[in-house]
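Visitor: build me a model from this:
(2 chains)
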Amino acid sequence: MNPWIAPLVGGALIGLAASLFWVVNGRVAGVSGILHDVVLSRGAGRAEKLAFLAGLVAVGVVGGRFFGVASTSPAPFGALLVAGVLVGFGTRLGGGCTSGHGVCGISRWSPRSLVATATFIATGALTVFVVGHVVPHLVGAP
Amino acid sequence: MKRVVTAGLAGGLFGVGLAISGMTEPRNVIGFLDLFGHFNPSLAAVMVGAIGVHATVLFFLRRRGDVGAGTAASDATSASRNIDRDLVVGAALFGVGWGLAGYCPGPAIVSLGFLTARPVAFVAAVLVGMVAADAFRRARAPRSTGDYFALSER
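Guide: A predicted model of the protein is given here:
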């Protein structure tokens, strides 16, 4: 199968899901904000946001059990924890992540989201460059 | 109740989209960010598909004079209108974590369903980071009451 089809179709479903959540629930499908509001705040709409997260987890349960999509991060455990703290701190300070800024924000042509997305792709690429190419060179990988 | 059901459906659909497109596999994400190595462009195709559909829906809504079911207070796009230092610093830190782990919040939450330890540890660390960011913003609140951007431009 053409390697572009699965990412395009999957992306279209993500766009459809974000549209449904906006049109019916009036909410932006930004996962970092939803996670924060469900676990760490007492704001309005917690039941809906919890249901959204439950939908995501349910896909993981079914997909991992029956469709072989289970996977894991190649990062060492310590790096994974540091990464998590950075993702939590950064999305909170910057007001969104790949879904909130990258998909929903850019779809409404928000200048803030365009800047945020360009920024996190740039620092993400820099991080992968350092971890994947510079560090192995320094520690003397053959 | 209806809104809880549609929210669950939206989350499920979002998750299926992430899984089908391979975004729950951190190596695909790291591959996209690996511009000088084994570059994997699939994440760009996911963004094109997602933004293509969502932007089209929003465009037709707007043409009908409809802005959706409500205003999304406290969400990413409405928290502040300005491109300020918090936005850029926050996004930059998020990008470093994203590149280290290959997880952003959506795929990490889906991965909780794989019932293994690492996604749980990652999401717990994300929450720790969020608590720290909230505390950080509260701690400096007294000097930034009003328009933070205006103050920082002074």
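Visitor: going forward, measure contacts between C-alpha atoms and count neighbours the same way
Guide: Will do.
Visitor: thought residue A:116 was touching residue B:94?
Guide: No: assessed by Cα atoms under 8 Å, residue A:116 is found out of contact with residue B:94, at 9.7 Å.
Visitor: residue A:3: neighbour count?
Guide: Residues near residue A:3, counting by other Cα atoms under 10 Å in any protein chain shown, number 11.
Visitor: looking at residue A:116 and residue B:94, which is more packed in?
Guide: Ranked by neighbour count (other Cα under 10 Å), residue A:116 and residue B:94 place residue B:94 first, with 34 against 31.
Visitor: didn't that one look like it was pressed against residue A:119?
Guide: No: Residue B:94 is not in contact with residue A:119 according to Cα under 8 Å; the separation is 9.2 Å.
Visitor: any idea of the mean pLDDT in stretch A:126-134?
Guide: The pLDDT scores in stretch A:126-134 average 95.
Visitor: start to end distance for that stretch?
Guide: By Cα to Cα, to the nearest Å, the extent of stretch A:126-134 from end to end equals 10 Å.
Visitor: got the contact list for that stretch?
Guide: Under the criterion Cα atoms under 8 Å, 6 or more residues apart in numbering or on different chains, residues B:30, B:33-37, B:95-96, B:99-100 lie in contact with stretch A:126-134.
Visitor: ok, now with 6 Å
Guide: B:34, B:96, B:99 (Cα atoms under 6 Å, 6 or more residues apart in numbering or on different chains).
Visitor: quick one: which of these has the most company?
Guide: residue B:99 (32 neighbours).
Visitor: could you check the pLDDT of that residue?
Guide: pLDDT, read off for residue B:99, is 98.
Visitor: you'd agree it is up against residue A:124?
Guide: Yes: with contact taken as Cα atoms under 6 Å, residue B:99 and residue A:124 are classed as touching, separated by 4.4 Å.
Visitor: check the offset of stretch A:87-97 from the chain's centre.
Guide: 11 Å (Cα atoms, centre = their mean, to the nearest Å).
Visitor: against residue A:58, how distant is the residue nearest to the spatial centre of chain A?
Guide: Centroid check for chain A by Cα atoms, centre = their mean gives residue A:98 as the closest residue, at 4.7 Å. Residue A:98 is 20 Å from residue A:58, where distance means Cα to Cα.
Visitor: now residue A:19
Guide: 20 Å.
Visitor: neighbour count winner among these two?
Guide: residue A:19 (26 against 23).
Visitor: helix or strand: which one has the nearest residue to that one once chain neighbours are set aside?
Guide: Leaving aside its sequence neighbours, residue A:19 sits nearest to residue B:54 (Cα to Cα, 6 or more residues apart in numbering or on different chains; 5.7 Å). Per DSSP states H and E, residue B:54 falls inside helix B:42-63.
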